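**Student:** here is my input, please return the structure:
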Amino acid sequence: MRARSASRRAKSDRGEATAQLVILTPILILLVFLGIQAAIYFHAANVAAAAASQGAAAGSRRGSGIAEATAAAQQTLADLGDSGQAQTVAEQDAAFVRVTVQVDVPRVLPFFPETVSRTAIEPNERFVPESDR
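**Tutor:** As a prediction, the model looks like this:
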């Protein structure tokens with residue numbers, strides 16, 4: 001009697017693995033692409049942050065300005081291999097230099113942002129005589 005019930009159970013389970021595979025395969029592929037897209041996005045964010053930081057540091061030196069800040073940010077983007085269209089905006093006032101870099105993000109999945117923007121702010125260097133300290 002046991003052998004007969006075991007064979008009935010085996011017949012009712014036929015094709016179950018195929019159905020599970022059909023359901024799970026697209027989900028697994030989506031998860032892989034999601035991981036790839038997240039890695040690409042965070043890499044672009046790190047590139048933008050590094051370029052903004054380098055630009056702000058270069059622009060904050062005594063005697064330098066917006067041109068040096070923009071050039072340093074663009075050079076950092078080139079060194080890090082950014083092949084997209086990056087936009088760099090540098091602003092300077094009496095106290096601070098602000099550099100904003102916007103980098104295009106290659107897209108694998110449609111619902112991720114197309115660009116990432118990072119801003120760095122550095123105080124301007126200034127000379128303070130010893131007697132004023």
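**Student:** can you pull out the strands in the protein?
**Tutor:** Applying DSSP state E to the chain gives strands spanning 87-92, 96-104, 115-123.
**Student:** hmm, Phe112 is touching Val105, no?
**Tutor:** Yes: the pair Phe112 and Val105 qualifies as a contact (C-beta atoms under 8 Å) at a distance of 6.8 Å. Glycine gets a C-beta too; all of them are placed from N, C-alpha and C.
**Student:** residue boundaries of the helices in the chain?
**Tutor:** Remark: helices assigned in the chain by DSSP state H are 2-12, 16-59, 66-79.
**Student:** among the ones you listed, which is nearest Ala95?
**Tutor:** Closest approach to Ala95 among the helices of the chain is made by helix 16-59 (12.6 Å; C-beta to C-beta).
**Student:** now for the closest one, which elements pack on it?
**Tutor:** Contacts defined by 3 or more C-beta pairs under 8 Å, 6 or more residues apart in numbering; DSSP states H and E place helix 16-59 against helix 66-79, strand 87-92, strand 96-104, strand 115-123.
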